[in-house]
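Colleague: Sequence and predicted structure, then a few things I'm wondering about:
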Amino acid sequence: MEGVATPEPKEKTSWLILVVLALAQFILIVDVTIVNIALPSIQRTFALSNTNLQWVVTAYALTFGGFLLLGGRSADLFERRTMFLSGLTVFTLASLGSGLARTGDMLITFRAIQGLAGAFMSPAALSIVLVTYSEGSQRNVALAAWGAVASAGAALGVLLGGVFTQYLGWRWNFFINVPIGVVVFIATIMLIGKYRSQSVSRSLDLVSAALVTGGLMTLVYGLTKASTYGWGDHRTLTYFGISAVALVAFVVNETAVKYPLMPLRIFRVRNIAGADAVMLLMSAGLFSSIFLVTLYVQDLLGYSPIKTGLSFLVFPACVAIAATNVPRLIRKIGFRPILIGAPMLMSAGLFFESGIPLSGSYWTYVAPGMVLIALGMGATFVSVTIAATSGVAKNESGLASGLVTTSQQIGGATGLAAITAVAASSTTHYLSNLHLVAPPTPDVVAAATVHGFQDGFLAAGFFALGAAILAALFIHSPKAVSAPEQTASPLPASESVGPLQAES
């Protein structure tokens, strides 16, 4: 036992804390997708090429995912609330800077800073949740809400992006974070006390941080360039090779240093590696499917930004249905059966979407697949978060939460890059097989684009199917995971530092 447990917070205050932290997580996830619908407007404003335009999305996901391990470890080594508030402050200011940007390069820079801040903000928030709620039914309910926010946020980002872009202008996709950030900051100061660290060392393994961040960022960059250079091009293979060397060096360094960034012993906790792998593959399928559906309904079905956003309402509704019912199901059968069945449900939805026609009805060819994807994703996010954080010591809760969030963001970034490359390559291959002697007509381009989308959805479906297979092979859970909650031992009054002080 690494420290003295804290008294349980009053129930009302406890759930207010969850609302505040979930709201912070919500704006982080929303910012991954909220700009998708605004990209054409941003492109016109700054005259960006398609290559540069993608970095408005990719810069955020790269720095977010790339620095999450460092952010998670920092939450364990230093005071959690301070790390959360610091990240929140930088994120809010970077959001303001993004909205005020006067050039494309300035916008991309601020987006990267947003992601960097989120990498410290998100694991600190989730680690506070883990030490606030006792393992068992109380934590399962809290993580169910957290999972619902994570999976619904991506789809709601598209809806909000449509509303802001059409009625207020694309800059409001970033301005909206400012008042929310201020509210969350004030609420955090009022509701959440400091969490003292009991770690022996405050040393951060910066060499490992550079290796893992550089390796992951190079991997995603290589994936984004694959459709341009070609998968077998020496430049693409060079990026992949550099990424592999950096990630292998990271693992080797972790075994050699005294205070590693990611202590490999954490994977002795059953389910962590399996759960993180499931999260990575499911996020790859989710983010890529949202991207493809957004392009399909706008570019091929002719939907306006607001109509596109409204068409995504079915997604958060189904996520909410799944997320609110899964905790009761987990108490009865455990999370393993859900982590096998839910990804299969999502893969069925993605395979259904691979049949989209050149022109068709949204309710016939898109909505049914989105319902299956949303139900599968909502059930998976709740279950995988519980599996990836159960049985973890409080002094490593930030690391565990950083790992699962890293898997989510890196899965989303790599999946989006890979599926976009697959779709682009498929479109190019379709056109080349026509052996046209004149530039293709708009109808031919549209047909080629749909063919690319179909292959993209098909590949995303195999991501989700792979997650189900991994869950079957590596996830283990008892039939009931809601063990009796441990009785907390109160701290001496002289040691109290806040309403929700916790040892870590």
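Modeller: Structure's in. What do you need?
Colleague: From Phe174, how far out is Leu280?
Modeller: 28 Å (Cβ to Cβ, to the nearest Å). From N, CA and C alone the C-beta is placed, and that goes for glycine too.
Colleague: no, scratch that, I was asking about Ser432
Modeller: From Ser432 over to Phe174 (counting by Cβ to Cβ), the distance is 39 Å.
Colleague: One more: Ala256?
Modeller: For Ala256, the distance to Phe174 (Cβ to Cβ) stands at 42 Å.
Colleague: for Trp170, helix, strand, or coil?
Modeller: Three-state secondary structure (criterion: DSSP: H, G, I helix; E, B strand; the rest coil) places Trp170 in coil.
Colleague: pLDDT at it, what is it?
Modeller: Looking at Trp170, its pLDDT is 92.
Colleague: For the helix or strand that Phe453 is a member of, buried residues please.
Modeller: With secondary structure defined by DSSP states H and E, Phe453 is part of helix 442-474. Buried residues in helix 442-474, counting neighbours by 16 or more other Cβ atoms under 10 Å, are found at 447-461, 463-468, 470-471, 474.
Colleague: Run a quick check on Ser383 versus Pro327, I expect a contact.
Modeller: No - using Cβ atoms under 8 Å, Ser383 and Pro327 do not qualify as a contacting pair, with a distance of 9.3 Å.
Colleague: between these two, who's got more neighbours?
Modeller: Neighbour comparison, Ser383 and Pro327: the larger count goes to Ser383, with 35 against 23 (by other Cβ atoms under 10 Å).
Colleague: ok, the more buried one to Ile475 distance?
Modeller: With distances defined as Cβ to Cβ, the gap from Ser383 to Ile475 amounts to 9 Å.
Colleague: what is in contact with those two at once?
Modeller: 335, 339 (Cβ atoms under 8 Å, 6 or more residues apart in numbering).
Colleague: ok, back up a step: okay, Ser432 and Phe174: which has more neighbours?
Modeller: Phe174 (25 against 10).
Colleague: Tell me who's in contact with the more buried one.
Modeller: For Phe174, counting by Cβ under 8 Å, 6+ apart, the contacting residues are 95-96, 98-99.
Colleague: Relative to Leu375, which of the residues you listed is nearest.
Modeller: Taking Cβ to Cβ as the measure, Ser95 is the one of the contacts of Phe174 closest to Leu375, at 31.6 Å.
Colleague: burial count for the closest one?
Modeller: By the other Cβ under 10 Å criterion, the neighbourhood of Ser95 contains 25 residues.
Colleague: check contacts around it.
Modeller: With the criterion set at Cβ under 8 Å, 6+ apart, Ser95 makes contact with 31, 110, 114, 174-175, 177-178, 181.
Colleague: Could you list every helix and strand in contact with the helix holding Phe453?
Modeller: Helices and strands touching helix 442-474, by 3 or more Cβ pairs under 8 Å, 6 or more residues apart in numbering; DSSP states H and E, are helix 272-295, helix 336-353, helix 397-433.
Colleague: Counting neighbours, which bits of the longest one end up buried?
Modeller: Read it as helix 397-433. By neighbour count with 16+ other Cβ under 10 Å, helix 397-433 contains the buried residues 397-427, 430-431.
Colleague: same thing with stretch 106-114?
Modeller: 107-114.
Colleague: hang on, the earlier thing: where helices are concerned, which of the contacts of Phe174 count?
Modeller: When those are checked against helices using DSSP state H, the ones located there are 95-96, 98-99.
Colleague: Just put those in a markdown table and tack on pLDDT and distance to Ala226.
Modeller: What follows is these, written out as a markdown table (pLDDT from 0 to 100; distance: Cβ to Cβ, whole Å):
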| residue | pLDDT | distance to Ala226 |
| --- | --- | --- |
| Ser95 | 96 | 31 |
| Leu96 | 97 | 34 |
| Ser98 | 96 | 27 |
| Gly99 | 96 | 32 |
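Colleague: okay, the residues you listed in TSV with distance to Leu39 next?
Modeller: Listed next are the ones in helices among the contacts of Phe174 as TSV, based on distance: Cβ to Cβ, whole Å:
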residue	distance to Leu39
Ser95	17
Leu96	20
Ser98	14
Gly99	15
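Colleague: quick check, nearest of those residues to Ala124?
Modeller: Of all the ones in helices among the contacts of Phe174, Ser95 has the smallest distance to Ala124: 18.0 Å, by Cβ to Cβ.
Colleague: what residues are up against the residue nearest to the closest one when sequence neighbours are not counted?
Modeller: Closest residue to Ser95 apart from its sequence neighbours, by Cβ to Cβ, 6 or more residues apart in numbering: Asn177 at 3.7 Å. Taking Cβ under 8 Å, 6+ apart as the criterion, Asn177 is in contact with 27, 31, 91-92, 95-96.
Colleague: What is the nearest of those to Pro357?
Modeller: Checking the contacts of Asn177 against Pro357 by Cβ to Cβ gives Asp31 as the nearest, at 32.5 Å.
Colleague: The closest one: neighbour count?
Modeller: Applying other Cβ under 10 Å, we find 27 residues neighbouring Asp31.
Colleague: same question, the one 5 residues further on
Modeller: For Asn36, the number of neighbouring residues by other Cβ under 10 Å comes to 25.
Colleague: repeat for Gly309
Modeller: The criterion is other Cβ under 10 Å. On that basis, Gly309 has 25 neighbouring residues.
Colleague: for the one 4 residues further on, same thing?
Modeller: By the other Cβ under 10 Å criterion, the neighbourhood of Leu313 contains 14 residues.
Colleague: Tell me how far Val178 lies from Ile37.
Modeller: Shown here: Val178 relative to Ile37, a distance of 20 Å by Cβ to Cβ.
Colleague: More neighbours: these two, which one.
Modeller: Comparing Val178 with Ile37 by neighbour count (other Cβ under 10 Å), the higher total belongs to Ile37, at 30 against 15.
Colleague: can you tell me which residues contact the nearest residue to the more buried one once chain neighbours are set aside?
Modeller: The shortest distance from Ile37 to any residue that is not its chain neighbour, by Cβ to Cβ, 6+ apart, is 4.1 Å, and that residue is Gly161. In this structure, Gly161 makes contact with 33-38, 173, 305, 309, judged by Cβ under 8 Å, 6+ apart.
Colleague: one more time with 10 Å, if that's ok
Modeller: 30-31, 33-39, 170, 172-173, 294, 305-306, 308-309, 312 (Cβ atoms under 10 Å, 6 or more residues apart in numbering).
Colleague: Look up how far Asn173 lies from it.
Modeller: Looking at Gly161 against Asn173, where the rule is Cβ to Cβ, the gap reads 6 Å.
Colleague: can you list residues touching both of these two?
Modeller: When contacts are counted by Cβ under 10 Å, 6+ apart, the set common to Gly161 and Asn173 consists of 30-31, 34-38.
Colleague: So which of these sit within helices?
Modeller: Helix and strand membership here follows DSSP H; of these, those in helices are 30-31.
Colleague: count of neighbours near His476?
Modeller: Residues within reach of His476, counting by other Cβ under 10 Å, total 12.
Colleague: What score does Tyr303 have for pLDDT?
Modeller: pLDDT, Tyr303: 88.
Colleague: Skipping adjacent residues, who's closest to it in space?
Modeller: Ranked by Cβ to Cβ, 6+ apart and with sequence neighbours excluded, the top spatial neighbour of Tyr303 is Val297, at 4.5 Å.
Colleague: Please give me every residue in contact with that neighbour.
Modeller: If you count contacts by Cβ under 10 Å, 6+ apart, then Val297 has 158, 303-304, 307-308, 311-312, 356, 362, 366 around it.
Colleague: Minimum pLDDT in the residues you listed, which residue is that?
Modeller: By predicted confidence, the contacts of Val297 are weakest at Val158, whose pLDDT stands at 79.
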